[in-house]
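A.B. asks: predicted model and sequence below, questions to follow.
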Amino acid sequence: MTDPDLSTPDRSAPERSAPDRSNSAEPVRSADPGRPAGASRGDFELEERASLRRVAGLSTELTDVTEVEYRQLRLERVVLVGVWTEGTSEQAHASMTELARLAETAGSLVLDGLVQRRPRPDPATFIGSGKVTELRDAVQAGGADTVICDGELSPGQLRQLEEKLKVKVIDRTALILDIFAQHARSRDGKAQVELAQLSYLLPRLRGWGEALSRQVGGRTAGGVGIGGRGPGETKIELDRRRIRARMSKLRREIAAMSQVRDTQRGSRRRNEIPSVAIVGYTNSGKSSLLNALTGAGVLVEDALFATLDPTTRRTSTADGRTFTLTDTVGFVRHLPHQLVEAFRSTLEETAEADLLVHVVDASDSLPEDQIKAVRQVLVEIGEERHGKMPHELLVVNKTDIAGDLQLARLRHLLPDAIFVSAHRGDGISKLRARLAELLPRPEVDVELLLPYVEGSLVARVHAEGEVLAEEHTPDGTRLHARVGPELATVVAPFTVPSAAVASTASSTGPFNGVGAPRAAHGVAR
């Protein structure tokens, strides 16, 4: 059956962006007079990405393009095809609609979509032979040059379909890898995407014409003379060896980059700074939520996988405790295992966090499936860590565009979730309070008298610990606080014994259980 909704997808919803906040980061000043002075870095990235969009209808090349190798770079016209093997018709339609959005994000124009109901994909052509004929007719009628399959094709299926359709055929995995390659900006992100692409390409490498010819080295390269007879190494074998060598080099580079991230995480752990990882389905509003909580100003776009590289920002709770928020890569249904393997070092940010903020899109028609897809990836990450994963806080985002009936159903389905709108700012204060409750608190309870010359230690106690009471006396600053083990060792010379607290409380007045000042000696190290 043909899905008529895929040819004209609804894009009436405006692009979503994070609202201005009083605690937002200082705007980036631009020397370009054509750009607004208050634009953030995310605004500049969005403008740069939009400036590279291709425009349809400007090509003057001939339309009788049939062979894959002669296609030129242009806005691709694609037809989607899927196999409905399980689940409801609504789930099958949602999967095809998501595939259409992925195709548009990659820079193509969706013409049509076909779905076939089968118990399992055809081992030769993914869809049945009759459906292949119907698909070829749809491709020729619309002038399409690419077919995208909603699933992962085997090398044999890929070759059979291209021979029968005479156009380029890709699967869902290749499409997602292409989007990741477009949006990767950091060095480690580009290396991880390249490794995933090579892992996908290696078993699907094929020869075209002379690519399968035999290669002989040295003076016998022409195939004549002594040593030039008999079989040699084919070009495809040379390509496979080069790909394996490149993959080995990329793995070494990614391992070196992961050591840098481990060092950064180790520094935060030594300073007892809690970390919160924002996870969720792609386009659920994770970057908007990060901007709403920290004023980070990262790129926000109404598109799948708009942001790829993780972003970490520091913020604090209402009682002054510092913690970090990390925006991680979004998940998707049937996330390619090559990406999970290549991005393993990045996904470990979620396992190393003290708390997971799982963002759910309230406007999606099937939010339960999104939650299931995200948790499947988290379980896969947790299995490698012996089943240990941080506590999860569900946050339902985009309540401003979700219907009342949908919100009521989600409140019944997810009673412990926090409902927010990062776009409008609704529920952000409640989310901050909930984060403060769930963040781990320092372990050591200390009572200190810090001389005024040790102002840096007072600031550090405020930044890394939880101050329960504070009083300024002639001898210094008295603090009752909870701190981490490392900071407790540093401030140990300035601790006030509990006995001194009881004996001097009457002469100095009550101080919430913190004793009177005592001459403190020693130097903090």
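C.D. replies: Cool, the structure landed. It should be emphasised that the depicted structure is a prediction, and the values quoted were computed from it without experimental measurement. Numbers count the residues shown, from 1 in each chain.
A.B. asks: show me what secondary structure element comes after the lengthiest helix in the chain.
C.D. replies: For the chain, the helix that runs over the most residues, judged by DSSP state H, is helix 235-270. Note on helix 235-270: by DSSP states H and E, the next helix or strand toward the C-terminus is strand 275-280.
A.B. asks: what's next to that following strand, contact-wise?
C.D. replies: Identification of contacts with strand 275-280 by Cβ atoms under 8 Å, 6 or more residues apart in numbering yields 265, 268, 286, 289-290, 323-328, 330-331, 349-350, 352-361, 370, 374, 378, 390, 435, 439. All C-beta atoms are positioned from the backbone trio N, CA, C, and that covers glycine.
A.B. asks: if we use 6 Å, what do you get?
C.D. replies: Contact with strand 275-280 is made by 286, 323-328, 349-350, 353-359, as judged by Cβ atoms under 6 Å, 6 or more residues apart in numbering.
A.B. asks: same thing with stretch 429-436?
C.D. replies: 317, 418, 420.
A.B. asks: could you look up the SS state of the residue nearest the centre of the chain?
C.D. replies: The centroid of the chain falls nearest to Val329 when counting by Cα atoms, centre = their mean (0.6 Å). With DSSP: H, G, I helix; E, B strand; the rest coil as the basis, Val329 sits in coil.
A.B. asks: find the nearest non-adjacent residue to it, please.
C.D. replies: Leu308 (5.8 Å; Cβ to Cβ, 6 or more residues apart in numbering).
A.B. asks: also Gly82?
C.D. replies: In space, Gly82 is closest to Asp150, 3.5 Å off (Cβ to Cβ, 6+ apart).
A.B. asks: mind checking pLDDT for the one you found?
C.D. replies: pLDDT for Asp150: 91.
A.B. asks: hang on, the earlier thing: can you report phi and psi for the residue nearest to Val329?
C.D. replies: phi -120, psi -50 (degrees, to the nearest 10).
A.B. asks: roughly how far does it sit from Ser186?
C.D. replies: Distance, Leu308 to Ser186, using Cβ to Cβ, to the nearest Å: 8 Å.
A.B. asks: which residues touch the residue nearest to Val329?
C.D. replies: 183-184, 189, 329.
A.B. asks: now the contacts of stretch 429-436: which count as buried?
C.D. replies: When the contacts of stretch 429-436 are checked for burial by 16 or more other Cβ atoms under 10 Å, the buried set is 317, 418, 420.
A.B. asks: a markdown table for those, including pLDDT?
C.D. replies: Listed next are those as a markdown table, based on pLDDT from 0 to 100:
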| residue | pLDDT |
| --- | --- |
| Thr317 | 86 |
| Ile418 | 94 |
| Val420 | 94 |
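A.B. asks: the longest helix of the chain: which residues count as buried?
C.D. replies: 235-236, 239, 243, 247, 250, 253-254, 257, 261, 265, 268.
A.B. asks: nearest to Val340 among those residues?
C.D. replies: Ranked by distance to Val340 (Cβ to Cβ), the buried residues of helix 235-270 are led by Ile254 at 13.7 Å.
A.B. asks: ok, that closest one - contacts?
C.D. replies: So Ile254 contacts Ala191 (Cβ under 6 Å, 6+ apart).
A.B. asks: touching, the residue nearest to Gly82 and Leu99? I think so.
C.D. replies: Yes. Asp150 lies in contact with Leu99 (Cβ atoms under 6 Å); the separation is 4.9 Å.
A.B. asks: output the below-cut-off pLDDT ranges for this protein.
C.D. replies: 1-39, 41-74, 207-233, 264-272, 342, 344-346, 384-387, 498-525 (pLDDT under 70).
A.B. asks: which strand residues bridge Leu325?
C.D. replies: Beta-bridge partners for Leu325, by DSSP bridges, are Val276, Arg313.
A.B. asks: and the gap between it and Ser275?
C.D. replies: Separation of Leu325 from Ser275 (Cβ to Cβ) stands at 8 Å.
A.B. asks: of the contacts of strand 275-280 - the most surrounded one?
C.D. replies: In terms of neighbours by other Cβ atoms under 10 Å, the contacts of strand 275-280 top out with Lys286 at 30 neighbours.
A.B. asks: Asp327 is in contact with that residue, correct?
C.D. replies: Yes. At 5.3 Å, Lys286 and Asp327 qualify as touching, with contact defined as Cβ under 6 Å.
A.B. asks: one step back: filter the contacts of stretch 429-436 down to the ones in strands?
C.D. replies: Among the contacts of stretch 429-436, the residues falling in strands (DSSP state E) are Ile418.
A.B. asks: can you tell me which of the contacts of stretch 429-436 lies closest to Leu111?
C.D. replies: When the contacts of stretch 429-436 are compared for distance to Leu111 (Cβ to Cβ), Val420 wins out at 37.6 Å.
A.B. asks: neighbours of the closest residue to Arg240 other than its chain neighbours, how many?
C.D. replies: In this structure, Arg240 finds its nearest non-sequential neighbour in Leu205, 6.1 Å apart by Cβ to Cβ, 6+ apart. Around Leu205 there are 14 other residues, counting by other Cβ under 10 Å.
A.B. asks: how close does Leu205 sit to Ile243?
C.D. replies: As judged by Cβ to Cβ, Leu205 and Ile243 stand 7 Å apart.
A.B. asks: how about Arg118, phi and psi?
C.D. replies: Dihedral angles (degrees, to the nearest 10) for Arg118: phi -140, psi 150.
A.B. asks: start the count at 758, not 1, going forward
C.D. replies: Will do, 758 is the new start, and the previous item becomes Arg875.
A.B. asks: quick one: the helices in the stretch 1058-1207 of the chain?
C.D. replies: With DSSP state H, counting those that start in this stretch as the criterion, the stretch 1058-1207 of the chain has helices at 1094-1099, 1101-1109, 1124-1140, 1161-1170, 1185-1195.
A.B. asks: mind checking which of those is nearest Gly1052?
C.D. replies: The closest of these to Gly1052 is helix 1185-1195. By Cβ to Cβ, the value is 11.6 Å.
A.B. asks: that closest one: which residues count as buried?
C.D. replies: Burial within helix 1185-1195, assessed by neighbour count using 16+ other Cβ under 10 Å, is assigned to 1185, 1188-1189, 1191-1193.
A.B. asks: how about the residues you listed in TSV, adding distance to Gly870?
C.D. replies: Output for these, formatted as TSV (distance: Cβ to Cβ, whole Å):
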residue	distance to Gly870
Ile1185	38
Leu1188	38
Arg1189	43
Arg1191	41
Leu1192	41
Ala1193	47
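A.B. asks: now for those: which two are most distant?
C.D. replies: Maximum distance among the buried residues of helix 1185-1195 (Cβ to Cβ): 12.9 Å, for Ile1185 and Ala1193.
A.B. asks: ok, the residue lying closest to Leu1151 once chain neighbours are set aside to Gly1184 distance?
C.D. replies: Take Leu1151 and drop its neighbours on the chain: the residue closest to it by Cβ to Cβ, 6+ apart is Ala1174, 3.8 Å away. Distance of Ala1174 to Gly1184, computed by Cβ to Cβ: 10 Å.
A.B. asks: partners of Ser865 in the sheet?
C.D. replies: On the basis of DSSP bridges, Ser865 is bridged to Glu833.
A.B. asks: quick check: it vs Thr1074, distance?
C.D. replies: From Ser865 over to Thr1074 the distance is 45 Å, taken as Cβ to Cβ.
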